[in-house]
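S.K.: Got a sequence here, can you build the structure:
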Amino acid sequence: MERLYVLCQVKERKLTQVEAGRQLKLSERQIIRLLKRLGSNDYSSLKSRHRGGNRAFNDDFKQRVLEIVKEKYHGPVETSHPPSK
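M.R.: Take a look at the predicted model:
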């Protein structure tokens, strides 16, 4: 949570927005946007928005689904209609 620490220093006027941008490798404009989001006291809003959701299926489940689909839909089709060459 380095972002939170640096942005709090900016809010307390211990750091400038330009210095914060250098530390976090962000533009001054992006620092302003982050400060606006921080103003709502929603600290989770500081996370990168490029992250995926947390609704991913585990690998075992995915593998089982693929096995069922192959068995049910590809098995008979491949035996009765072999792939063309």
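
S.K.: Please report the distance of residue 53 from residue 38.
M.R.: Residue 53 sits at a distance of 23 Å from residue 38 (criterion: CB to CB, to the nearest Å). For every residue, glycine as well, the C-beta is placed using N, CA and C.

S.K.: Neighbour count for those two, which is higher?
M.R.: It is residue 38, of residue 53 and residue 38, that has more neighbours when counted by other CB atoms under 10 Å, with 18 against 5.

S.K.: Can you pull out the low-pLDDT segments for this structure?
M.R.: 40-52, 74-85 (pLDDT under 70).

S.K.: That one: helices as residue ranges?
M.R.: 2-11, 17-24, 28-39, 59-69, 75-80 (DSSP state H).

S.K.: Check which helices and strands the first one sits against.
M.R.: I take that to be helix 2-11. Packed against helix 2-11 by the contact rule (3 or more CB pairs under 8 Å, 6 or more residues apart in numbering; DSSP states H and E) you find helix 17-24, helix 28-39.

S.K.: Show me what the longest one is packed against.
M.R.: In this structure, helix 28-39 packs against helix 2-11, helix 17-24, with contacts taken as 3+ CB pairs under 8 Å, 6+ apart.
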